Every structure is written in C-alpha cells, then in structure tokens.
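S.K.: got a predicted model here, sequence first, then my questions.
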Amino acid sequence: MNPLGEDEQGPDAKGMYIWAVLCGGPIWDIAHGRPHSLWAAWAVTAVGAALYIVTVRLSFAGSRLAERLFLPLLAAVALAATAVFHGNFSLLLVMTAIALGVTVRGRRPPFLLSALALASLGVQIAIGSGVRDTVFLMWGIFTAGLIPAIMIRLWDAITELKQTREELAQAAVSEERLRFSRDLHDLLGHTLSVMVVKAEAVRRLAHKDADGAAGQAADIEQIGREALTEVRAAVTGYRGRGLTAELESARTVLADADIDVTIRTPVVRLPPETDALLGWAVREGVTNVIRHSGARTCEIDLGVPGDLVLEVRDDGASSAGPVRRGNGLVGLGERVAAADGTLDAGPRPGGGFLLRVTLPEQGENA
C-alpha cells in the first residue's frame, strides 16, 4: 500500500503501534515468575514487539520486506513462544494476526489467518490447553487480523475513488477545452473565410463601383461585429446559431463568392442540439466550398422523414486520392459521432465534393 499523506485521515503505522500493548500479557507472566527461563522470556517478548513494529512500519511504507521477511519471522517467534512458555504468550499470536491483516494485500488475508489459527490450534493441543482457551484464541486470531485488513482495504478503495474522481474531473476539463477549441476554430475559420471573400469583392469594386465597394466594406464590419458576438457566446458555452441562420448566411456568402447556391430544406422541428449540429455542418461545408473547391455551384439538401440527411455538394475541383481532413471536419465528425450519427466527406464520382451528415430519425415535419 502506498504511504498515506499527512493530511489524510486514514489508518497509518502510528495508529497500529498501539497493539504492541499485547506484549503486556507475556510481561505479566514474567512478572509473576511463570516462565522457567526469565531471560529467554524477556528476549522473546522484546523480539516479538520489535518485529511487530518493524513489520507494520515497513508495510505502510510500501516495502515488500514486511511480508516476505519480517511477518514470517514474527509468526515463527509467536508460535515458538506460545509452545515454550504457554499462558499469556499466546497473545503474541493475536499481535501477529494484526500485523498480517495490515501487511498482506488482496484476497489472501482470510486464508493466511485461517492457516495461523490452525497452527495455533496445533500448538494448543500439543501443550494441552483447554478447549475453551483454544477456541477463544483461534477466534481472537482470526477476527484481530480480519478487522484491520477490512479497514485498510476500505480506505484503499476510498483513496482510489478519490483519485478516480480527480482524474475524471481533469478529463472533463480537457474535453471542455478541446470542445471550446473546436468551436472557436469553426467560428473564426468560417468568419475569416467570409471576410476574405468580402475583401476580394471590395478590391474588385474599388475602381469601378465605389458604392458597391463601400457596401462590401460595411458587410466586413458587420461580420466582424457578429464574429465578436459569436466568440463571446462560445465562451459561455453557446454551440451554434442553428440551421436556419446558417442557411441564410450560406446563401449570402456563396452569392458574394460568385457561387450559385440551391438550398432544398423542408420545414422541420428539430431539438436544439440537432439544430445547432446541422448548423455547424452547413457552416463547415460552406467554408470548405469557399476555401478549397473553386466551385461555381453549390447545393445544400436536407432529407426527411426518416433519418436526417444533410448534404452539401459542389462542382469544384477535387482530388481522386484520400481526403485529408482538417481540424474543422475532424471536430464536426466528433460532434456527429457524439449524436450517434455518421459523417461522410469526399470527392463525388462526377466531380466536385460531397459532405453528408446522417443523424438518427427525430423531430416531425411542421
């Protein structure tokens, strides 16, 4: 077991040292002159106390020597002392059981305690102890070892639960940071793409249509203000503007980029989460059309009833090789997967690019 911190209110070595008081039984017998060899009795008692303290200390320090070396030595000394000196020296076996419960991990303590109790039974029979004393000793050995074993295992479980809770909290924080990064990427990526398109329009119109250029510049200003609002909303956990708003934005942006757009979507009631997710899909699809395709036409379709199928198609140039997904598509794919849906993105057989989002059936046609 890992050593416990000073601020933890759990079992520790100092709390278990108290049970060395069981050596008071042998000392009582020595004080009344019962052992034939007093010096040997004193030595055995001192060695038993020392072995108990060392075993418990090393156990809480996480040393394997406690179980492999010092606990067997303590058991041997306690059994030998009981066999030779009889009487209250059997309390050294109870002290050994406590050390065993503290030291041994896993499911082994009950079996080892039973083995220690049976060994003590053999010693008691050999020295001719009464049935009552023998039964009390075996019961004392088993319960004395089992109680600290259960107590320490429960505390270990509590500690593991606390650690798990902290790890889950850290994972939740990391996931939220990742979510926010994706949202911010999508928001700013789309907005900056639109502003680039608008800036190009300003450049084209600047020399021949001052009023048109001024209008496009005003649009850039408005888009910048909206982007600032959206970023602030994202900081507070807002996930998107919704499907209707994104479709209207797509219609305007694609027109400004000289891309003919056709939008076919039925009026459908959607849960807020689904509405926001489809809005993100439209935003990501339109952003890719503007940035990468060189398309002249774009179609946006939403198919219902049944599963919701949103498609964003264009006629731009597309590579026949595998599609390299950027952060936007990766983030969208993670959101769609979290909603038990699927995302398909790649070249179309007849040319162009297709982004398809499929979500489980939900909502009703209005």
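M.R.: Ah, there it is.

S.K.: now the strands for the stretch 251-366 of the chain?
M.R.: According to DSSP state E, counting those that start in this stretch, the stretch 251-366 of the chain carries its strands in the segments 260-264, 268-269, 297-303, 308-314, 342-347, 353-359, 364-365.

S.K.: ok, the fourth one: who's next to it in the sheet?
M.R.: Paired strands of strand 308-314, with direction, are strand 297-303 (antiparallel), strand 353-359 (antiparallel) (DSSP bridges).

S.K.: flag every buried residue along that strand.
M.R.: Taking 16 or more other C-beta atoms under 10 Å as the neighbour-count basis, strand 308-314 is seen to contain the buried residues 308, 310, 311, 312, 313, 314. Yep, even glycine has a C-beta here, placed from its N, CA and C like the rest.

S.K.: could the residues you listed go into TSV alongside distance to residue 37 and pLDDT?
M.R.: Supplementary listing: the buried residues of strand 308-314 in TSV, determined by distance: C-beta to C-beta, whole Å; pLDDT from 0 to 100:
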residue	distance to residue 37	pLDDT
308	91	88
310	93	92
311	96	93
312	96	93
313	100	91
314	101	91
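
S.K.: same list (those residues) but as JSON lines, adding distance to residue 139.
M.R.: Rendered in JSON lines, the data for the buried residues of strand 308-314 read as follows (distance: C-beta to C-beta, whole Å):
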{"residue": "308", "distance to residue 139": "69"}
{"residue": "310", "distance to residue 139": "72"}
{"residue": "311", "distance to residue 139": "76"}
{"residue": "312", "distance to residue 139": "77"}
{"residue": "313", "distance to residue 139": "81"}
{"residue": "314", "distance to residue 139": "83"}
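
S.K.: out of these, who's nearest residue 270?
M.R.: Sorting those by how near they are to residue 270, with C-beta to C-beta, puts residue 308 at the top with 7.8 Å.

S.K.: show me what contacts the closest one?
M.R.: Neighbour list for residue 308: 270, 274, 278, 302, 357, 358, 359, 360, 361, 362, 363 [criterion: C-beta atoms under 8 Å, 6 or more residues apart in numbering].

S.K.: could you identify the helix or strand that succeeds the longest helix along the chain?
M.R.: Counting by DSSP state H, the longest helix found in the chain is helix 131-205. As assigned by DSSP states H and E, the chain's next helix or strand after helix 131-205 is helix 210-235.

S.K.: what angle do that next one and helix 131-205 make?
M.R.: Orientation of helix 210-235 against helix 131-205 (axes from the mean of the first three to the mean of the last three C-alpha atoms, to 10 degrees) gives an angle of 170 degrees.

S.K.: now do helix 210-235, average pLDDT.
M.R.: Along helix 210-235, the predicted confidence averages to a pLDDT of 75.

S.K.: could you do stretch 340-354 as well?
M.R.: Taken as a whole, stretch 340-354 has a mean pLDDT of 87.

S.K.: roughly how far is it from the heart of the chain?
M.R.: Going by C-alpha atoms, centre = their mean, to the nearest Å, the spacing between the C-alpha centre of stretch 340-354 and its chain's C-alpha centre is 34 Å.

S.K.: now do it: distance from first to last residue.
M.R.: One end of stretch 340-354 sits 20 Å from the other (C-alpha to C-alpha, to the nearest Å).

S.K.: buried stuff in it?
M.R.: Taking 16+ other C-beta under 10 Å as the neighbour-count basis, stretch 340-354 is seen to contain the buried residues 341, 343, 345, 347, 352, 353, 354.
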